[in-house]
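# no sequence on this one, just coordinates:
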Ligand SMILES: Nc1ncnc2c1ncn2[C@@H]1O[C@H](COP(=O)(O)OP(=O)(O)OP(=O)(O)O)[C@@H](O)[C@H]1O
């Protein structure tokens with residue numbers, strides 16, 4: 001494990017009787033890109049505010065660079081925030097916006113000049129030092145906001161949905177730019193978004209939030225391939241989730257049939273949920289399929305066909321197929337490989353899930 005820069009230990013935050021952070025326990029290492037991903041109201045911004053020092057936590061410890069900072073004011077924490085609307089000063093030019101924090105800290109004039117120009121170089125805006133804020137594009141404004149934050153040499157940069165106001169094309173460009181910038185600067189980024197594609201594309205590690213709790217943390221691939229519960233499977237990517245029964249290790253029953261699978265470590269006959277991703281399903285002739293389905297609709301989505309089908313138990317199946325289903329055949333088969341079947345226990349904690357995974361991966 002790398003050097004821990006931010007640690008939240010058993011952090012709770014309540015407003016009156018409402019718990020908005022419920023036992024948050026996370027560690028951010030130096031130099032990595034982290035994302036808090038979750039729906040509106042799940043507690044993402046509250047975590048940023050707790051780290052930045054804009055709110056007091058109800059209980060638990062907030063630790064930055066090894067030091068407990070619960071009682072340290074925001075301006076003395078080595079953390080800076082880039083807000084959604086960037087909060088740039090419209091009456092100051094680019095240089096003055098970036099210099100502002102240094103002037104407040106009474107840094108001398110020559111040093112301000114050096115540090116501002118250095119920050120501008122890092123975000124590749126050195127030619128725009130004298131521009132007015134109103135004369136910048138959305139992407140350039142974002143870079144000024146980042147330069148203004150990094151000029152103060154924070155250990156962590158907190159980014160609260162900085163891309164949400166941008167149009168789709170610019171948003172994608174800025175995703176590449178943010179990722180590149182984080183790697184060049186080597187500063188830890190903690191980025192907030194409710195856009196799962198953005199989180200998957202940018203992050204070294206994602207914390208999936210819901211109801212004030214971290215539901216799961218891990219690399220984008222881990223979270224996509226091995227979601228621990230219904231919420232995560234549903235929120236990250238698209239999923240078919242059906243009820244099933246674990247017959248024994250590596251054998252699960254659903255849709256009235258027993259299938260080989262790659263999961264183990266459950267109780268025999270345990271009631272489980274089974275996840276199959278739409279892109280892992282192929283539509284084949286019914287006698288070659290593992291589940292028989294009636295095709296309901298299909299839409300051409302450019303790089304795949306989106307097909308909706310129903311099995312005889314009226315479960316809906318979403319399929320992303322490179323080939324269209326034949327128009328004239330109503331009953332088709334779904335084919336999938338054993339390793340595409342992902343089995344989830346009800347109510348399993350992340351610790352128990354990790355321990356179970358380790359126990360059978362070690363076999
Ligand atoms: N000052 C406050 N008083 C009472 N409740 C609050 C306060 N601030 C936040 N909350 C509540 O805390 C919960 C978490 O809010 P938070 O802003 O952290 O969510 P979020 O995941 O960042 O959502 P969004 O994506 O909409 O910004 C919400 O239910 C919100 O209504």
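That came through fine. Keep in mind it's a predicted model, so treat the numbers as computed, not measured.
# the closest residue to residue 164 other than its chain neighbours in helix, strand or coil?
Spatially, and ignoring its direct neighbours in sequence, residue 164 is nearest to residue 84 (6.0 Å; Cβ to Cβ, 6 or more residues apart in numbering). Yep, even glycine has a C-beta here, placed from its N, CA and C like the rest. At residue 84 the chain is in coil, as set by DSSP: H, G, I helix; E, B strand; the rest coil.
# so what's residue 84 up against?
160, 161, 162, 164, 165 (Cβ atoms under 8 Å, 6 or more residues apart in numbering).
# equivalent analysis for residue 205, please.
So residue 205 contacts 32, 33, 34, 35, 217, 218, 219 (Cβ under 8 Å, 6+ apart).
# if I look at the second one, how far off is the ligand?
The gap separating residue 33 from the ligand is 19 Å, by Cβ to the nearest ligand atom, to the nearest Å.
# from memory that residue sits against residue 200, does it?
No - look at residue 33 against residue 200 with Cβ atoms under 8 Å: they stay out of range, at 11.9 Å.
# what is residue 308 paired to in the beta sheet?
Beta-bridge pairing of residue 308 under DSSP bridges involves residue 297, residue 318.
# and residue 191, by the same measure?
Applying DSSP bridges, one finds that residue 191 bridges with residue 35, residue 159.
# and it, how many neighbours does it have?
Here the number of neighbours of residue 191 (other Cβ atoms under 10 Å) works out to 27.
# can I assume it is in contact with residue 159?
Yes - using Cβ under 8 Å, residue 191 is in contact with residue 159, at 4.5 Å.
# which neighbours do the two share?
With Cβ under 8 Å, 6+ apart as the test, residue 191 and residue 159 both reach residue 178.
# residues of the stretch 101-250 of the chain that sit close to the ligand?
With Cβ under 6 Å from any ligand atom as the criterion, the stretch 101-250 of the chain comes near the ligand at residues residue 194.
# the stretch 101-250 of the chain: helices as residue ranges?
Counting by DSSP state H, counting those that start in this stretch, residue ranges of the helices within the stretch 101-250 of the chain are 109-122, 138-150, 168-185, 196-202, 220-225, 230-235.
# any idea which of the ones you listed gets closest to residue 21?
Closest of these to residue 21 is helix 230-235, at 17.0 Å (criterion: Cβ to Cβ).
# what helices or strands is the closest one leaning on?
In this structure, helix 230-235 packs against strand 205-210, strand 213-218, strand 240-248, strand 270-276, strand 342-345, with contacts taken as 3 or more Cβ pairs under 8 Å, 6 or more residues apart in numbering; DSSP states H and E.
# name the stretch among these that sits most buried.
Neighbour counts (mean count of other Cβ atoms under 10 Å) averaged over each of the helices and strands packed on helix 230-235 peak at strand 205-210, with a mean of 24.
# and the average pLDDT for that one is what?
Across strand 205-210, the average pLDDT comes to 97.
# kindly report the same for stretch 58-65.
For stretch 58-65, mean pLDDT is 97.
# residue of the stretch 51-200 of the chain with the smallest distance to the ligand?
Of all residues in the stretch 51-200 of the chain, residue 194 sits closest to the ligand, at 5.2 Å by Cβ to the nearest ligand atom.
# name the nearest residue to that residue, sequence neighbours excluded.
Going by Cβ to Cβ, 6+ apart, residue 194 has residue 39 as its nearest residue, at 5.9 Å.
# try residue 251
In space, residue 251 is closest to residue 258, 5.7 Å off (Cβ to Cβ, 6+ apart).
# which strand or helix spans that neighbour?
strand 257-260 (DSSP states H and E).
# other residues contacting that strand?
Contact with strand 257-260 is made by 247, 250, 251, 252, 253, 290, 291, 338, 341, as judged by Cβ under 8 Å, 6+ apart.
# partners of that strand, with directions?
Applying DSSP bridges, strand 257-260 is found paired with strand 251-254 (antiparallel).
# show me what the strand it pairs with is in contact with.
Residues outside strand 251-254 that contact it (Cβ under 8 Å, 6+ apart) are 242-247, 258-261, 263, 272, 274, 341, 343.
# now swap in stretch 108-124 and tell me
Contacting residues not belonging to stretch 108-124 are listed as 94-95, 98-99, 102-103, 107, 126, 128-129, 143-144, 146-148, 150-151, 181, 184-185 [Cβ under 8 Å, 6+ apart].
# report the distance from it to the chain centre.
32 Å (Cα atoms, centre = their mean, to the nearest Å).
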